[in-house]
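In: the sequence isn't on hand, but the structure is:
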């Protein structure tokens, strides 16, 4: 399977604990995105990397959230001191860099990590 | 990001065509129209995109109004596997905006 993979698929934690999620993008993709999706809503953008550089962060990404992509391949999303409001599906996506005059770049999504904070 | 408006839900029968509408009256000249869908318990997947002309691919067709203020995703023969939430998204092609801004989408139910 050469798609985007995420680990773990499910995580249950207690309020106040730290959690870390991993995303492995499609190997030739240099762009990586994190989104969060709560029940009944569309995904919301959190942050975006091009190679190892984090180029955009949403205001949704509070100080308790940190994302890294140290070697420009896999990425981690850490949530410190989790709160019940952090319960959601965390989605990772990857894409190629746009080339030439075309700005189009389809994003490929992983299956997500479902976080439940008790 | 320009806003899109979609019906909350639609229902159709298996093997019949489905037309999913999207209004985007504030679209700018450089915005691409994208459609993604999200099957139950999966991440979203790309369906189709276009700028001005109608587009066809193996999954669907995209009909874009002449004034570009609305578009319609067409599934020619719906199957049970097409039951999903369909999102219509605008992305600026010039500024190279990378993020996808999802609305609530249209939940499509397919009856056997």
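Out: Structure received. In this text the structure is predicted, and so the values were computed from the model without any measurement.

In: beta partners for the residue nearest to the spatial centre of chain A?
Out: Computing the C-alpha centroid of chain A and ranking residues by Cα atoms, centre = their mean puts residue A:34 first, at 2.6 Å. Listed by DSSP bridges, the beta-bridge partners for residue A:34 are residue A:47, residue A:92.

In: let me know the pLDDT of it.
Out: If you check residue A:34, the pLDDT there is 97.

In: tell me the contacts of it?
Out: Residue A:34 is in contact with A:23, A:45, A:46, A:47, A:48, A:67, A:75, A:77, A:90, A:91, A:92, counting by Cβ atoms under 8 Å, 6 or more residues apart in numbering or on different chains. Any C-beta I mention is one placed from the backbone N, CA and C, and that applies to glycine too.

In: ok, the residues you listed vs chain B, which is closest?
Out: Nearest to chain B among the contacts of residue A:34: residue A:45, at 4.0 Å, using Cβ to the nearest Cβ.

In: spatially nearest residue to that closest one (excluding sequence neighbours)?
Out: In this structure, residue A:45 finds its nearest non-sequential neighbour in residue B:99, 4.0 Å apart by Cβ to Cβ, 6 or more residues apart in numbering or on different chains.

In: I'd assumed that neighbour was in a helix, is it?
Out: No - counting by DSSP: H, G, I helix; E, B strand; the rest coil, residue B:99 is not found in a helix; it is coil.

In: burial count for it?
Out: 20 (other Cβ atoms under 10 Å in any protein chain shown).

In: wait, it sits on residue A:32?
Out: No - here residue B:99 does not reach residue A:32: they are 11.9 Å apart, not a contact under Cβ atoms under 8 Å.

In: quick one: common contacting residues for those two?
Out: residue A:48.

In: local confidence estimate at residue B:99?
Out: 86.

In: likewise for residue A:2?
Out: For residue A:2, the model assigns a pLDDT of 78.

In: for it, which non-adjacent residue is spatially closest?
Out: Per Cβ to Cβ, 6+ apart, closest to residue A:2 is residue A:26, 6.2 Å.

In: number of nearby residues for that neighbour?
Out: 16.

In: what does residue A:110 give?
Out: Residue A:110 has 22 nearby residues by other Cβ under 10 Å.

In: next, give phi and psi for it.
Out: Phi and psi for residue A:110, reported as degrees, to the nearest 10, are phi -80, psi 180.

In: my guess is it meets residue A:91, correct?
Out: Yes - using Cβ under 8 Å, residue A:110 is in contact with residue A:91, at 6.5 Å.

In: overlap of the contact sets of those two?
Out: Residues touching both residue A:110 and residue A:91 comprise A:6, B:43, with contact defined as Cβ under 8 Å, 6+ apart.

In: quick check: residues of chain A near chain B?
Out: A:4, A:31, A:33, A:35, A:40-45, A:48, A:55-56, A:58, A:91, A:93, A:95, A:98, A:103-112 (Cβ under 8 Å from any Cβ of the partner chain).
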